[in-house]
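Chemist: Following is a predicted model, sequence given first.
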Amino acid sequence: MEESKYLLLTQRKMWVFILFICFIFILSGGANTGFSKFFMALPFMLLAILISTKVLKKNIYKKLTFILILFSIIFNITLTKNPLAFPILDKGSIEIMSNGFHITFSDGSGGFYDEKLTANSYDNVTYKELKKGEKYKVTGIKITHPDFSTKVYLQTAIGQFSQSNYNITLNKEAHATWVKNLGFLMNWPILFMLYAPLGGLILLVLLVLFQLGINRLPKS
């Protein structure tokens, strides 16, 4: 009888732990600025729903699961308008650190350049001369994904600037570090392929410890 209770308690703790891991990845999907958005979190959303409704079956787990899923999706959809994710949106500004030009191309892209372009192949390019010390309010965030990478651009009244441009300084953090780090977990397919052997070893150790715990149970 005692052995049965111990096994049930151990199994329940294991499922709660797995559900907690799912919650972390669900929140990671909400914070993801990559091209996959929250879609890479869908397997964890499904698993969390199954665990909370079919295994644990307590209302607290069900409610928490659906609240986190809804929060994650809404947070991701509104990510570029959210000061929690991009603090620069809340009264943020950029300051020009050296003389140069802001160049805007025909597709709306652009940024800071030290001098005007000389190539004739650039059509419909507009220039604005910039002076050191000038400040511009950040009015929005634009995210692009060239070659599956992620680039964050700051929108201003005169055009966009890359957040990593060394010719500008920001009065606030552009992309919140905690959001960036949390969203990084959505690279889990790549991380899984890179660290699958290590993950397998950890799983084996956990199984061995679990078996040792069972063997130490008092025999009836």
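Modeler: Cool, the structure landed. Residues are numbered from 1 along each chain as shown.

Chemist: now the helices for the protein?
Modeler: Assigned by DSSP state H, the chain shows helices spanning 2-31, 42-50, 59-77, 177-183, 188-215.

Chemist: Lowest mean pLDDT across the ones you listed, which one is that?
Modeler: For the helices of the chain, mean pLDDT drops lowest on helix 188-215, to a mean of 61.

Chemist: Domain map for the chain?
Modeler: What automatic domain parsing lists as the domains of the chain is 2-81+180-215, 87-175.

Chemist: now the ones you listed in CSV, with mean neighbour count?
Modeler: C-beta here means a position set from N, CA and C on the backbone, and glycine is covered the same way. Shown next, in CSV, are these (neighbours: other CB atoms under 10 Å):
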stretch, mean neighbour count
domain 2-81+180-215, 15
domain 87-175, 15
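
Chemist: what residue is smack in the middle of the protein?
Modeler: Of all residues in the chain, the one closest to the mean position by CA atoms, centre = their mean is Gly183, 1.9 Å from it.

Chemist: shouldn't that one be in contact with Leu27?
Modeler: No: between Gly183 and Leu27 there is no contact under CB atoms under 8 Å: 9.3 Å.

Chemist: excluding its backbone neighbours, what's nearest Gly29?
Modeler: Ala41 (2.5 Å; CB to CB, 6 or more residues apart in numbering).

Chemist: Just grab the bridge partners of Thr104 for me.
Modeler: Thr104 has these beta-bridge partners by DSSP bridges: Gly110, Thr126.

Chemist: Touching, Phe105 and Asn124? I think so.
Modeler: Yes: counting by CB under 8 Å, Asn124 is a contact partner of Phe105 at 7.4 Å.

Chemist: that older thread, check contacts around the residue nearest to Gly29.
Modeler: Shown in contact with Ala41 (CB atoms under 8 Å, 6 or more residues apart in numbering): Phe25, Ile26, Ser28, Gly29, Gly30, Asn32, Ser72, Met186.

Chemist: would CSV of the residues you listed with distance to Ala176 be doable?
Modeler: Converted to CSV, the contacts of Ala41 look like this (distance: CB to CB, whole Å):
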residue, distance to Ala176
Phe25, 19
Ile26, 18
Ser28, 14
Gly29, 16
Gly30, 13
Asn32, 13
Ser72, 16
Met186, 16
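
Chemist: Cool, thanks, talk later.
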